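Structure for this input, please:
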Amino acid sequence: MRTILLLMLAACVACTSLQSEKPMTDCTRTTLPPVEVDTTAELIAYYPSLGGGMDLVCGVMPATTDLQVAMCVEGAFTHALLDHFEHTNIDGDHVAAGVRHAGARCKDNSGAFIYYHVGEKPVWRFVRGNYDEALNVAAAHGGMGFGQALIVYDGQRIEPLWRKGQHFYRALCQRRGKLCVVDSRQRVDYAAFVDELMRYGVSYALYLDMGSGWNHSWWRDARGTVHEIHPRIEKSRFCTNWVTFYR
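Next comes the predicted model:
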């Protein structure tokens, strides 16, 4: 009888031990939020996790119902207000989903951004000046890339200050080795926005298409809730491309 009781007790302890192991394993599993947000008095910085990489999505804005998308923002300039999509209506040649497309000529494009993977390793680069070969590299690796106006390169601001008037401004930046999208919190002069980027410590910054309608974008928090940045308006239907970060 005593032997039976000891066997039953041992089985009970083993069962309890097995039941307690699974919750402990689950508790130690960590998941990065799709986007982390940092703020200063003048800026809002969004840091996508890049868990699923990034791409330049063209033609149709990523849907908020696509749970794989962490954030999307308008990237390259749109050339003309067309009721249909054409790659040639995006300012500058660009690479989307590993395919290079010819775009419209744009004198303001003083640089570019490219992103691709080498094996599992993400690689990105901000390019100053001619970026033709950089786009070819991005395409060869199945990546993405687009041209825009450089704001900061290797820690130095790029002249001239080419925007006039007070507006909301946005840039794709690198800070402390991480990619981020940085917005002005209010309408400011372009020079003031650049000053704040420098104060924030970005090492690279590339302008992103802004303006009424073009500034409409969205990001997803850790709970999966979607947050819009600037409302969608009638002009938003003319947008052509979106820098898209995946979870």
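
I'd like the average pLDDT over stretch 135-148.
For stretch 135-148, mean pLDDT is 98.

what number of residues lie near residue 178?
Residues lying near residue 178 (other C-beta atoms under 10 Å) number 12. C-beta: built from backbone N, CA, C; applies to glycine.

Model confidence for it, exactly?
The score at residue 178 is 97. That number is its pLDDT.

quick one, phi psi at it?
Note on residue 178: backbone dihedrals following degrees, to the nearest 10 are phi -120, psi 150.

Look up how far residue 62 lies from residue 33.
The gap separating residue 33 from residue 62 is 18 Å, by C-beta to C-beta, to the nearest Å.

let me fix that: residue 70
From residue 70 to residue 62 the distance is 10 Å (C-beta to C-beta).

Nearest to the spatial middle of the chain, which residue is it?
With distances taken as C-alpha atoms, centre = their mean, residue 245 lies nearest the centre of the chain, 4.5 Å away.

Give me the three-state assignment for it.
Here residue 245 takes the strand state, with states given by DSSP: H, G, I helix; E, B strand; the rest coil.

Which helix or strand contains residue 196?
Using DSSP states H and E, residue 196 falls within helix 190-200.

List the buried residues for that helix?
Buried residues in helix 190-200, counted by 16 or more other C-beta atoms under 10 Å: 190, 192-194, 196-197, 200.

now the helices for this structure?
2-28, 132-140, 190-200 (DSSP state H).

low pLDDT regions in this structure?
Residue ranges of the chain with pLDDT under 70: 1-31, 160-162.

tell me the domain boundaries of it?
The chain resolves into domains spanning 1-30, 32-246 when parsed by automatic domain parsing.

and those domains, which is most packed in?
Ranked by mean neighbour count, the domains of the chain are led by domain 32-246 with a mean of 18 (mean count of other C-beta atoms under 10 Å).

Please compute how far that one lies from its chain's middle.
Distance, stretch centre to chain centre, for domain 32-246: 7 Å (C-alpha atoms, centre = their mean, to the nearest Å).
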